[in-house]
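Enquirer: Quick one: sequence plus predicted model below, questions after.
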Amino acid sequence: MALTITIPRPDDWHVHLRDGEMLDAVIGYTSLRFRYAMVMPNLTTPIATTDQAVTYRNLINDATPPESPDFHPLMTLYCTDQLEVQDLLRGHKEEIVEAVKYYPAGATTNSQSGGSSMMDYSHIFESMQEHGIPLLVHAESTNPNIDIYDREAAFLEQELQDICNNFPEMKITVEHISTSAGVDFVNAYETLGASVTPHHLSRNRSDMISPAFHADLFCKPVINSENDRQTLVSTVTSGNPSFFLGTDSAPHPTKAKYGKEAKAGIFNAAYGLEVVAEIFASEDKIDQLPAFTSENGAAFYGYEPSEEQLVLTREQVEIEVATHLSTQSGKEVVLFGTEEASHWTIKAKTD
Ligand code: NCD
Ligand code: ZN
């Protein structure tokens with residue numbers, strides 16, 4: 001018997017949609033499958049004002065295939081020196097801006113405009129706490145003296161802890177959580193949530209470098225140890241409401257993932273849901289899948305789950321799936337999760 005589960009249409013609480021021809025090439029993967037998408041603001045020119053968020057949202061909507069059933073991009077502003085409290089509050093009041101994203105400068109792709117200390121932005125956090133605007137955090141230390149696999153833990157301890165204590169009412173999401181330390185940290189505060197990616201749930205750091213180096217698995221925060229992966233899996237499959245799906249789908253042309261300036265980021269909008277379903281199925285916890293993909297995040301950000309449904313089926317036969325996409329000018333992007341995707345079909349429930 002094939003394994004089947006019906007879930008509310010999922011939300012993606014962390015996604016990079018890019019702009020230009022990359023936006024055109026990737027948007028359909030997200031818009032045809034997900035309902036809400038928390039859109040990251042790290043374009044080459046950061047999205048730091050409400051007007052920029054409006055322009056970017058229009059670009060996304062214009063690029064969205066018309067047959068997308070029920071897709072809504074939710075816009076974020078980049079926490080940078082250009083961010084102004086009055087503008088943020090206007091954007092939030094007018095339901096243009098959903099949240100603010102903090103990047104430590106230098107931690108990841110297009111993070112040059114980020115901060116060197118979270119405390120520098122206390123005046124912004126004050127207003128966010130007062131007006132119920134969530135803060136989304138890339139929690140990774142940029143201190144080169146700290147081992148890269150310890151940088152999430154270091155950031156949480158050295159930076160985010162003080163922010164949580166100083167702004168105890170502010171809703172904070174620790175993005176793309178990658179370690180047991182991260183799970184413990186999130187569980188210690190009621191106001192905290194965490195997005196978890198398909199790749200951090202399904203791969204470990206050995207997979208990235210064994211049997212050979214896989215640039216396709218290079219992302220930030222780096223995929224961590226097998227113990228960390230297992231903690232993430234047991235946490236999300238337990239139904240813990242603080243943890244929800246954020247794919248961190250981050251497309252880069254394959255060529256950009258090699259060389260001195262190799263880009264961090266995994267494109268998983270295409271098969272992220274299949275990867276996650278495979279994890280829950282193999283843990284015999286498929287009944288907990290809807291909480292993770294469609295309910296916990298919605299509740300955290302103040303939404304009801306979608307009334308539309310998707311039917312996911314683990315097939316007995318292997319299905320052939322695409323391995324790459326191509327942008328209009330011919331740039332190739334690798335699709336993450338082809339192995340898992342070859343076992344699943346996902347369809348909208350129509351009756
Ligand atoms: C993201 C990107 O490429 O924009 N890369 C990544 O490795 N996750 C940025 C980010 O979220 O860190
Ligand atoms: Zn990201």
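Expert: Sure, I can see it. Residues are numbered from 1 along each chain as shown. Ligands and ions are numbered 1, 2, ... in the order given.
Enquirer: now the strands for this structure?
Expert: If DSSP state E is used as the criterion, the strands of the chain fall at 3-8, 12-15, 36-39, 72-78, 97-102, 135-137, 172-174, 192-196, 243-245, 309-314, 324-326, 332-334, 344-348.
Enquirer: between those, which one is nearest to ligand 1?
Expert: For ligand 1, the closest of the strands of the chain is strand 12-15, at 7.2 Å, according to CB to the nearest ligand atom. Backbone N, C-alpha and C define where each C-beta goes, glycine included.
Enquirer: Tell me the residues of this protein that contact ligand 1?
Expert: The chain comes close to ligand 1 at residues 16, 42, 108-109, 138, 219-220, 248, 250, 264-265, as judged by CB under 6 Å from any ligand atom.
Enquirer: In the residues you listed, find the pair that's most separated.
Expert: The span of these, defined through CB to CB, is set by 42 and 219 at 13.5 Å.
Enquirer: Please list the outside residues in contact with stretch 122-135.
Expert: With CB atoms under 8 Å, 6 or more residues apart in numbering as the contact definition, stretch 122-135 has outside contacts at 79, 83, 85, 88-89, 92, 97-100, 102, 118, 163, 166-167, 169-173, 301.
Enquirer: What mean pLDDT does that stretch get?
Expert: Averaging pLDDT along stretch 122-135 yields 98.
Enquirer: Low-confidence bits of the stretch 201-350 of the chain, can you list those?
Expert: In the predicted model, the stretch 201-350 of the chain carries no residue with pLDDT under 70.
Enquirer: hmm, 90 instead?
Expert: Within the stretch 201-350 of the chain, the ranges that satisfy pLDDT under 90 run 259-261, 316, 350.
Enquirer: And the helices in the stretch 51-200 of the chain?
Expert: 85-93, 122-131, 151-155, 161-166, 180-187, 198-202 (DSSP state H, counting those that start in this stretch).
Enquirer: Kindly check the end-to-end length of stretch 25-43 for me.
Expert: 16 Å (CA to CA, to the nearest Å).
Enquirer: Show me what counts as buried in that stretch.
Expert: 25-31, 33-43 (16 or more other CB atoms under 10 Å).
Enquirer: now that stretch: how far from the chain's centre is it?
Expert: Averaging C-alpha positions (CA atoms, centre = their mean, to the nearest Å) puts stretch 25-43 10 Å from its chain's average.
Enquirer: Next up, the contacts around the closest residue to residue 3 other than its chain neighbours.
Expert: Closest residue to residue 3 apart from its sequence neighbours, by CB to CB, 6 or more residues apart in numbering: residue 314 at 4.1 Å. By CB under 8 Å, 6+ apart, the contact set of residue 314 is 2-4, 277-278, 281, 343-344.
Enquirer: switch to 10 Å and redo it
Expert: Residues counted as contacts of residue 314 (CB atoms under 10 Å, 6 or more residues apart in numbering) are 1-5, 274, 277-278, 281-282, 286, 340, 343-345.
Enquirer: most surrounded residue in the residues you listed?
Expert: The residue in these with the most neighbours, by other CB atoms under 10 Å, is residue 277 (26 neighbours).
Enquirer: And for residue 157, the neighbour number?
Expert: With other CB under 10 Å as criterion, residue 157 counts 13.
Enquirer: Can you work out which residues contact both of residue 42 and residue 219?
Expert: With CB under 10 Å, 6+ apart as the test, residue 42 and residue 219 both reach 108-109, 250.
Enquirer: Now tabulate those in TSV and tack on neighbour count.
Expert: Shown next, in TSV, are those (neighbours: other CB atoms under 10 Å):
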residue	neighbour count
108	21
109	18
250	27
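Enquirer: Show me which of those is closest to residue 234.
Expert: residue 250 (25.6 Å).
Enquirer: how many other residues sit next to the closest residue to that closest one other than its chain neighbours?
Expert: Distance criterion CB to CB, 6+ apart; nearest residue to residue 250, sequence neighbours excluded, is residue 265 at 3.0 Å. Residue 265 has 21 neighbours, counted by other CB under 10 Å.
Enquirer: How about the one 5 residues further on?
Expert: Here the number of neighbours of residue 270 (other CB under 10 Å) works out to 28.
Enquirer: State the distance from it to residue 337.
Expert: 7 Å (CB to CB, to the nearest Å).
Enquirer: Need the residues touching each of those two.
Expert: Here residue 270 and residue 337 share the contacting residues residue 321, scored by CB under 10 Å, 6+ apart.
Enquirer: I figured the residue nearest to residue 250 hits residue 222, correct?
Expert: No: taking contacts as CB atoms under 10 Å, residue 265 lies outside contact range of residue 222: 11.8 Å.
Enquirer: And the helices in the stretch 201-350 of the chain?
Expert: Taking DSSP H, counting those that start in this stretch as the criterion, the stretch 201-350 of the chain carries its helices at 205-209, 226-237, 272-282, 289-290, 296-301, 338-341.
Enquirer: In a markdown table: those helices, plus distance to residue 329.
Expert: Below are the helices of the stretch 201-350 of the chain laid out as a markdown table (distance: least, CB to CB, whole Å):
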| stretch | distance to residue 329 |
| --- | --- |
| helix 205-209 | 29 |
| helix 226-237 | 36 |
| helix 272-282 | 25 |
| helix 289-290 | 37 |
| helix 296-301 | 34 |
| helix 338-341 | 23 |
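Enquirer: just so I know, which of these lies nearest residue 52?
Expert: helix 296-301 (21.4 Å).
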